[in-house]
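1. Could you look at this predicted model? Sequence included:
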Amino acid sequence: MSKPEKPLSQAIAERRATPSFDGVPLPADDLKKILEAGLAAPSGYNIQPWRFVVVQSPEQKKRLRAASYNQAKVEEASAVIVACGDSDGWRKDLDLMLQQGREGGMPESYAEQAKSSVPDYLSSFSADKMSGWLNKQVMLAYSFMLLTAETLGYDTAPMEGFEQDKVHEVLRLPMSYRVVALLAIGHLKGSDKFDGGRFNIAHTVFGEEFGKPVKL
Ligand SMILES: Cc1cc2nc3c(=O)[nH]c(=O)nc-3n(C[C@H](O)[C@H](O)[C@H](O)COP(=O)(O)O)c2cc1C
């Protein structure tokens, strides 16, 4: 029998960026749930330009740690999901996306329009713009994975402290891939990190226009 999941609100309230992990392996069925939750995220045009590399072997985690400014939690985690974006993903997957869409009831008029509007839109992107666009899409799927791992009772650590070229080399990534972030998953070892708190809602949220308080 699978263990009860934490309510999402509890997972959000209790989550911390985990400082250290005990390294106990992650059961494959839980890993599958975490990955599938990410893949269910929305993306622009449903083009799903994210790609994930799951690192679990001790040797590969060691190499990844070396590519991540020697952060110990990369090696200690049960699994590290390396979240990437593929800048050529839309070229390769447009037909597949349309085929799956049609199977799900996508109107032919929508499919016809997307066939030209997706290349029109994305082929004009500069490298910087593509990188920003990919970050948006990838981090949404990544967040779905992080939260799902937390609801399943795991601890997580988001990480941007890595060297792009080195991670590329360790994972043998294609040139069109861009590493966006690492997600370490496992169980906390030792004490949790302090709670850094959050800015008051009035500091970061406005209502109707900049500077006005949102009515709650
Ligand atoms: C995208 C992203 C990248 C991060 N990269 C690192 C990292 O490389 N190393 C690290 O120790 N913490 C990293 N953090 C953790 C943050 O420092 C942490 O989330 C923040 O201090 C708030 O703490 P909390 O998550 O416990 O609330 C990262 C967080 C995010 C969202």
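-> Okay, I see it. Residues are numbered from 1 along each chain as shown.
2. Got the phi and psi for Pro4?
-> phi -70, psi 140 (degrees, to the nearest 10).
3. Tally up the residues packed near it, please.
-> Number of residues near Pro4 (other Cβ atoms under 10 Å) recorded here: 9. Quick note: C-beta positions are derived from backbone N, CA and C, even for glycine.
4. From Thr151, how far out is it?
-> Distance of Pro4 to Thr151, computed by Cβ to Cβ, to the nearest Å: 10 Å.
5. nearest residue to Met130 other than its sequence neighbours?
-> Leaving aside its sequence neighbours, Met130 sits nearest to Ser87 (Cβ to Cβ, 6 or more residues apart in numbering; 4.9 Å).
6. check contacts around the one you found.
-> Contact analysis of Ser87 by Cβ atoms under 8 Å, 6 or more residues apart in numbering lists 49, 127, 130-131, 134, 176-178.
7. Next step: those residues restricted to strands.
-> If you go by DSSP state E, those have 177-178 in strands.
8. Would you show me how to pick out the buried ones of the contacts of Ser87 in ChimeraX?
-> Listed next is the ChimeraX selection for buried residues among the contacts of Ser87, using 16 or more other Cβ atoms under 10 Å:
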select :49,130,134,176,177,178
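9. For the contacts of Ser87, work out which two are farthest apart.
-> The most widely separated members of the contacts of Ser87, counting by Cβ to Cβ, are Pro49 and Ala127 (14.3 Å).
10. got the buried residues for whatever helix or strand Thr148 lives in?
-> Using DSSP states H and E, Thr148 sits within helix 127-151. Using 16+ other Cβ under 10 Å as the test for burial, helix 127-151 gives 130, 133-135, 137-139, 141-142, 144-151.
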